[in-house]
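Okay, predicted coordinates and the sequence, questions at the end:
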Amino acid sequence: MFDRIAPAYDLLNSVLSLGIDTRWRNKAIAELPASSNSLHILDIATGTGDMCIQARKRYPHYQYTGLDLSDGMLEIGRQRLKKMNIQGIELIQGDSEQLAFGDNRFDAVMAAFGVRNFENLDKGLQEIYRVLKPGGKLIVLEFSRPRRFPFRQLFGFYFKNVLPLIGSWGSKDAQAYKYLYESVQQFPDYDRFTDRLTACGFHSAGFHSLSLGICCIYTGLK
């Protein structure tokens with residue numbers, strides 16, 4: 001599915017979020033640890049490498065590894081990196097629930113709109129915990145369901161009915177954006193997700209919501 005929608009993915013993200021997705025990502029990137037050293041950052045479910053590219057603007061001396069299961073997405077990302085002549089970002093294909101990295105490898109792990117796609121959420125989080133260095137930080141940017149009336153109802157209608165329609169027109173794949181709505185409904189958002197982080201070994205787990213609860217930034221430390 002992600003291979004099929006790869007060519008239209010980034011443009012549709014911008015259109016469907018009215019351009020707010022870039023600001024969301026920048027707020028998540030601001031949670032990365034600041035250091036004068038060259039930290040190694042892993043971006044889980046990197047897609048076309050958007051988070052790595054944006055993060056590099058803030059921390060150009062860091063090293064970035066982006067991992068995704070969809071080679072179609074990664075190929076779009078590799079073409080972007082080549083066109084923009086960007087160094088210091090490696091995009092590789094791999095399974096987030098079976099990371100091919102040794103223990104205590106990365107200084108931080110970030111994931112934007114990808115954790116909800118894990119087949120086994122706890123297994124994916126445990127793998128992230130394993131590859132983080134002691135003291136390393138996890139930053140997750142993920143959709144959530146707004147809580148405030150009437151925004152909850154209005155956004156729910158847009159997300160369920162309007163967004164899949166526009167998405168199907170732009171990507172020629174109606175199922176992909178229907179899946180987006182369904183996956184968000186099933187994701188354990190807010191305190192339920194921080195509880196899962198704690199259960200998987202992270203400490204100081206917390207979150208803050210963005211744009212009236214459309215999405216949240218979750219953090220946890222190893």
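Done, it's in. Numbers count the residues shown, from 1 in each chain.

all contacts plus neighbour counts: C-alpha atoms, from now on.
Will do.

Parallel or antiparallel, which strands does the top strand by length along the chain pair with?
In the chain, taking DSSP state E as the definition, the longest strand is strand 132-143. Strand 132-143 pairs in its sheet with strand 106-112 (parallel), strand 215-221 (antiparallel), by DSSP bridges.

Run a quick neighbour tally on residue 195.
Counted with other C-alpha atoms under 10 Å, the neighbours of residue 195 add up to 15.

Dihedrals phi and psi, residue 104?
Backbone geometry at residue 104, expressed as degrees, to the nearest 10, gives phi 60, psi 50.

That one contacts residue 130, doesn't it?
Yes: using C-alpha atoms under 8 Å, residue 104 is in contact with residue 130, at 6.4 Å.

Compare these two and say which one has the larger neighbour count.
Applying other C-alpha under 10 Å to residue 104 and residue 130 shows that residue 130 carries more neighbours, namely 19 against 16.

Helices along this structure, start to end?
With DSSP state H as the criterion, the chain has helices at 2-16, 20-29, 50-58, 71-84, 121-131, 151-157, 163-171, 174-186, 191-199.

then the second one to PDB, C-alphas only?
Presented in PDB, the C-alpha positions along helix 20-29 are these (Å, rounded to 0.1, in the frame of the first residue of the first chain):
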ATOM      1  CA  ILE A  20       0.600  22.100   9.500                       C
ATOM      2  CA  ASP A  21       2.500  18.800   9.300                       C
ATOM      3  CA  THR A  22       5.800  20.600   8.800                       C
ATOM      4  CA  ARG A  23       5.300  22.600  12.000                       C
ATOM      5  CA  TRP A  24       4.400  19.400  13.900                       C
ATOM      6  CA  ARG A  25       7.600  17.700  12.700                       C
ATOM      7  CA  ASN A  26       9.700  20.700  13.700                       C
ATOM      8  CA  LYS A  27       8.200  20.700  17.200                       C
ATOM      9  CA  ALA A  28       9.000  17.000  17.500                       C
ATOM     10  CA  ILE A  29      12.600  17.600  16.200                       C
END
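
hmm, back to that, now the angle from the longest strand of the chain to helix 20-29?
Put simply, strand 132-143 runs at 160 degrees to helix 20-29, going by axes from the mean of the first three to the mean of the last three C-alpha atoms, to 10 degrees.

List the buried residues in stretch 205-214.
Across stretch 205-214, burial judged by 16 or more other C-alpha atoms under 10 Å covers 205, 206, 207, 209, 210, 213, 214.

Between the residues you listed, which sits nearest residue 95?
The shortest gap between residue 95 and any of those belongs to residue 205, at 24.1 Å (C-alpha to C-alpha).

my guess is that closest one contacts residue 219, does it?
Yes: under the criterion of C-alpha under 8 Å, residue 205 makes contact with residue 219 at 5.5 Å.

Noted, bye for now.
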